[in-house]
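*Asks:* Structure here, sequence nowhere to be found:
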C-alpha cells in the first residue's frame, strides 16, 4: 500500500499517512469519489521506483534481437488499484501499486475502522478524528510499516499506543518519573516486545480469570414464489474476550467441527496444523477482545424440506397485480420456542409504480396480556407503514417519482403465538409491473443456524480455574421472489 487516506464523501482529505507520490494520492482519492466500487483501477503516468530503466540495457545479450519488443518491463501498465471502504460518511482509501489480493487492503481498512471505534469510544467522525489527531497518526504508524499491514488488533495496539482515556495516566506517570519516584522499569509496551509471542505481553495478572465467546451467524436465503429454496449460506464469526493471567494455552473443541471445514479463517494465534490434524482450535489468546475465527457454511442441497428446516419460521406470500392495483397477503409462522423468540422482524414489500391509497390489516401474532399475565386479546401482529425508498424492484420510475415500499414490523414471534398476517390492497398505475421480490429480516438473539456449538475448553500451562461464557446469536436475511 502506498499510504492510507481518510476523507469525507466529497474527497476532502481529513487525515492521511505520507505518500511517496502526491500525484498518485490525488488520483486515488479522485477515483474513489467518482466510483462506489471497493476496488478501482487508475492509470498513472508517474514513475515508480520499481519500474526498470530501459536506458541501462547494454545491448550485449545475443538474445536481444529475439526478444519481443514489448517486453514486460517496457509495457507493464503503470497504475494503481484503489481500495476503499465507506463507514459513517467517511472514506478509507488505500492505493496499491503492486499485484496483491485486494482482500488484504480491504480487510486492513475494515480493521482500521474497528480499531478507531475502540480507541475513540464512539462514532468515528471528522470531528472525533481531529480531536484525537495525534493518537490516530500514532496508530497508523504502528499498524502500517513499509506499506505492509502490521498490527491490527486493538488489544495489542493498546500496549504501544496509549488510548485517549488513558492520556491522564501517561502524564501522571511521566511526572512521577521526573520527580524521582520508584516506577517499574518495564512498561507494558516493553513487556509486549520482550514476550515470545507478538500478540501477548508477559506478566498479565487478573484476580478472576474469565473468557467469553460470542458466536454471531448471518443466514442468507433466497426463495422462489412457491417457497422453494434457491440458495442458502451462513456466514459466522466467533469473537473472544480474554481476561486470563499468565500464558494460558487453550484447546477449544466443537460439537460439529465439520461446519468449519468449508472455509474457516483463524486469528494468527491459532495453530493451524493442530486444527488440520485434530479439529481442535489450539491457541494462546491475546489479552482483551479479538476475533478468533470466521467462516462461511453452505448447507448441503439435499431436499427443499431439509434446507427450509434451517429457518426458524415459515413465510407464506401472495402478491398479485391487476389493471387498477395490487393485493397482498403475507403470513409469518414462528417455530422458535418461547424461551428463544424471534425479534425485530421486518418485511419490506416494494409496491408497484404509482402506488397510492394503501389499505392493510395486521392480525394474529402474540396475544396481549395484562399486568397479571392474563390474555386480553390481540395486538402482537406488529405495525406497518409506507415509506419512500429506492427502486428496489428493478423497474424504472418516471422523473420525480420514487418507489413506495410497504414496511411491516413485528417486535417478536414464537411458536406458541398465532401466525402474524398482513393483508391489504392498493391502487397503482395501469402500466405498472409487479415488483420481482420482497425481503424479510429478523434476529435470533439466543441461537444460531449452523448448529456449531462449543463443546469443551481446556486450559494448559496454568493451574487456575477459568469461568467460560458462551453467547450465540443470529440474524436472517431472506429474499422471496414474487414471480
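*Replies:* It's in. Quantities reported herein were computed from a predicted structural model and do not represent experimental measurements. Residues are numbered from 1 along each chain as shown.
*Asks:* Do you know the pLDDT at the most centrally placed residue in the chain?
*Replies:* Central residue of the chain (Cα atoms, centre = their mean): residue 110, 8.1 Å from the mean position. pLDDT for residue 110: 86.
*Asks:* Doesn't it lie inside a strand?
*Replies:* No - counting by DSSP: H, G, I helix; E, B strand; the rest coil, residue 110 falls outside a strand, being helix.
*Asks:* isn't it right next to residue 84, touching?
*Replies:* No - if you go by Cβ atoms under 8 Å, residue 110 and residue 84 don't touch, sitting 11.1 Å apart. The C-beta positions use only the backbone N, C-alpha and C, and glycine is treated the same way.
*Asks:* contacting residues around the residue nearest to the centre of the chain?
*Replies:* By Cβ atoms under 8 Å, 6 or more residues apart in numbering, the contact list for residue 110 reads residue 85.
*Asks:* Then residue 17?
*Replies:* 3-5, 137, 140-141, 144.
*Asks:* Residue 323 too?
*Replies:* Neighbour list for residue 323: residue 430 [criterion: Cβ under 8 Å, 6+ apart].
*Asks:* and it, what element?
*Replies:* Secondary structure assignment for residue 323, by DSSP states H and E: no helix or strand.
*Asks:* got the domain boundaries for the chain?
*Replies:* 5-48+73-164, 211-305+448-481, 313-391+403-444 (automatic domain parsing).
*Asks:* how about low-confidence regions in the chain?
*Replies:* In the predicted model of the chain, residues 44-78, 154-156, 158-159, 162-195, 301-304, 368-379, 390-402 satisfy pLDDT under 70.
*Asks:* Check the contacts of residue 17 for burial and list the buried ones.
*Replies:* Buried members of the contacts of residue 17, counted by 16 or more other Cβ atoms under 10 Å: 3-5, 140, 144.
*Asks:* which of the residues you listed lies closest to residue 385?
*Replies:* Lowest distance from residue 385 to the buried ones among the contacts of residue 17 (Cβ to Cβ) belongs to residue 5, with 40.2 Å.
*Asks:* and the residue nearest to that closest one when sequence neighbours are not counted, what does it touch?
*Replies:* Here the nearest residue to residue 5 in space, its sequence neighbours aside, is residue 16; by Cβ to Cβ, 6 or more residues apart in numbering that works out to 4.0 Å. Contacts for residue 16 (Cβ under 8 Å, 6+ apart) come out as 3-6, 25.
*Asks:* for residue 16, phi and psi?
*Replies:* For residue 16, the backbone dihedrals (degrees, to the nearest 10) come out as phi -160, psi 160.
*Asks:* again with residue 133
*Replies:* Main-chain torsions, residue 133, degrees, to the nearest 10: phi -60, psi -50.
*Asks:* thinking it is in contact with residue 15, fair?
*Replies:* Yes - the criterion here is Cβ under 8 Å, and residue 133 meets it with residue 15 at 6.8 Å.
*Asks:* Settle it for me: which of these two has more neighbours?
*Replies:* Using other Cβ atoms under 10 Å, the more surrounded residue of residue 133 and residue 15 is residue 15, with 17 against 11.
*Asks:* helix or strand for the more buried one, which one?
*Replies:* Residue 15 belongs to strand 13-16 when assigned by DSSP H and E.
*Asks:* ok, and what's touching stretch 274-289?
*Replies:* 153-156, 158, 197, 199-201, 204, 211, 239-244, 247-254, 257, 264, 266-267, 269-271, 292-293.
*Asks:* Just those residues: which are in strands?
*Replies:* Residues of the contacts of stretch 274-289 located in strands (DSSP state E): 211, 239-243, 249-254, 264, 266, 292-293.
*Asks:* Please type out the PyMOL selection for whichever of these turn out to be buried.
*Replies:* In PyMOL syntax, the buried subset of those is picked out as below (16+ other Cβ under 10 Å):
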select buried, resi 211+239+240+241+242+243+250+251+252+254+264+266+292+293
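*Asks:* give me the number of residues near residue 259?
*Replies:* Residue 259: 20 surrounding residues under other Cβ under 10 Å.
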